[in-house]
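Engineer: one predicted model, sequence on top.
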Amino acid sequence: MTIPALGQFVSYARTAAPRARTAGPRGDRTVPPWAIVSAGLTPILLTGGWLVAGALQPASYSPIRDTVSVMAGHAGTDRWVMTGALLLVGGCHLVTAAGLGGIRVSARALLILAGLSSIGIATSPEPIVGSTPQHLAWTSFGAVIITVWPAFAARPGSPQPLILSRRGSAVVTAVFLALLCWLVIETRGGSDLGMAERLTSSVQTSWPFVVAVVLWRHKARTRRPELPGEPPEASHAQAVTAGAVTAGALRGQRDLA
């Protein structure tokens, strides 16, 4: 390679370096399949847990009136079913948070806290009568965290998927707040506390799965075409090298002429 060609290659590398850094920012990382699976398992495990545990309870238990915590408490029959489901849900939240590199760090941290809250609820069961400060604290903390989570999952910049834009995330957060308010109202002697808790938790725990799928699809649509099995940076680097060599060759031909 001639000296002019080498200089042309250096010039290409310098101008291409910012593009290479901005082509794959942290906010555009591809969501790994295991993160999508863990996010999808979360509502399935929670719903399946209370359905199975509810079938094992005596006839006096009402899923419309009584909470899920009753089945995981000391008064529940086969309480290990609901306790195990809560532990698995917490673990899935932790795994999902580790894989959602396309959202802000604050949103991932909140998802970790939501997972720890589910584990805390499982490890601080209700007594036969009443509740405990630990159980109430974990339950309240987890409910607030998962309610505000969509607001922190919003991604700045444009273009963004609608549900991950600031406006879309604000709408989802408002819906979650309305569900939480309904749940709080039912705790004041309401007759539909169990139904409010189940509906609210089912909707809210499904949202990380929706976000994971949307991020995966958004990245698939915006990704630059690449050869099978080729790293994202490889095609760009090869293009830069080929361009530099071609330019150097043309420059050398002009010099010889």
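Structural biologist: Happy to help now that I have it.

Engineer: so which strand or helix has Ser140?
Structural biologist: helix 133-152 (DSSP states H and E).

Engineer: model confidence over that helix, on average?
Structural biologist: What helix 133-152 shows for mean pLDDT is 95.

Engineer: what helices or strands is it leaning on?
Structural biologist: The helices and strands touching helix 133-152, judged by 3 or more C-beta pairs under 8 Å, 6 or more residues apart in numbering; DSSP states H and E, are helix 105-123, helix 166-186, helix 193-222. For glycine as for every other residue, the C-beta is placed from the backbone atoms N, C-alpha and C.

Engineer: now for the second one, which elements pack on it?
Structural biologist: Spelled out, that is helix 166-186. helix 133-152, helix 193-222.

Engineer: let me know the pLDDT of Ala220.
Structural biologist: 74.

Engineer: export the helices and strands packed on helix 166-186 to CSV and append columns for distance to Pro43 and mean neighbour count.
Structural biologist: Below are the helices and strands packed on helix 166-186 laid out as CSV (distance: least, C-beta to C-beta, whole Å; neighbours: other C-beta atoms under 10 Å):
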stretch, distance to Pro43, mean neighbour count
helix 133-152, 11, 18
helix 193-222, 4, 19
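
Engineer: any chance of these in TSV, with distance to Gly168 too?
Structural biologist: Listed next are those as TSV, based on distance: least, C-beta to C-beta, whole Å:
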stretch	distance to Gly168
helix 133-152	9
helix 193-222	10
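
Engineer: just to revisit the earlier point, so how far is the helix holding Ser140 off the chain centroid?
Structural biologist: 16 Å (C-alpha atoms, centre = their mean, to the nearest Å).

Engineer: if we can go back for a sec, dump the helices and strands packed on helix 133-152 to CSV, plus distance to Pro159.
Structural biologist: Shown next, in CSV, are these (distance: least, C-beta to C-beta, whole Å):
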stretch, distance to Pro159
helix 105-123, 19
helix 166-186, 12
helix 193-222, 9
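
Engineer: mean pLDDT lowest for which of those helices?
Structural biologist: helix 193-222 (a mean of 91).

Engineer: centre of the chain to it, how far?
Structural biologist: What separates the centre of helix 193-222 from the centre of its chain is 8 Å, taken as C-alpha atoms, centre = their mean.

Engineer: local confidence estimate at Gly91?
Structural biologist: pLDDT, Gly91: 97.

Engineer: just the CA trace of stretch 133-146, in CSV.
Structural biologist: Extracted in CSV, the C-alpha atoms of stretch 133-146 (Å, rounded to 0.1, in the frame of the first residue of the first chain):
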residue,chain,number,x,y,z
PRO,A,133,-45.0,-4.9,58.9
GLN,A,134,-42.5,-6.7,56.7
HIS,A,135,-45.1,-8.2,54.5
LEU,A,136,-47.0,-4.9,54.2
ALA,A,137,-43.8,-3.0,53.4
TRP,A,138,-42.7,-5.4,50.7
THR,A,139,-46.2,-5.5,49.2
SER,A,140,-46.6,-1.7,49.1
PHE,A,141,-43.1,-1.2,47.8
GLY,A,142,-43.5,-3.7,45.0
ALA,A,143,-46.8,-2.3,44.0
VAL,A,144,-45.5,1.3,43.7
ILE,A,145,-42.3,0.2,41.8
ILE,A,146,-44.1,-1.8,39.1
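
Engineer: ok, and what's touching it?
Structural biologist: 69, 110, 113-114, 117-118, 120-121, 124-126, 176, 180, 183, 200, 204-205 (C-beta atoms under 8 Å, 6 or more residues apart in numbering).

Engineer: quick one: the helix holding Ser140 to helix 166-186, angle?
Structural biologist: Here helix 133-152 runs at an angle of 160 degrees relative to helix 166-186 (axes from the mean of the first three to the mean of the last three C-alpha atoms, to 10 degrees).

Engineer: rewinding a little: out of the helices and strands packed on helix 133-152, flag the one nearest Ser60.
Structural biologist: Nearest to Ser60 among these is helix 193-222 (13.0 Å), distances taken as C-beta to C-beta.
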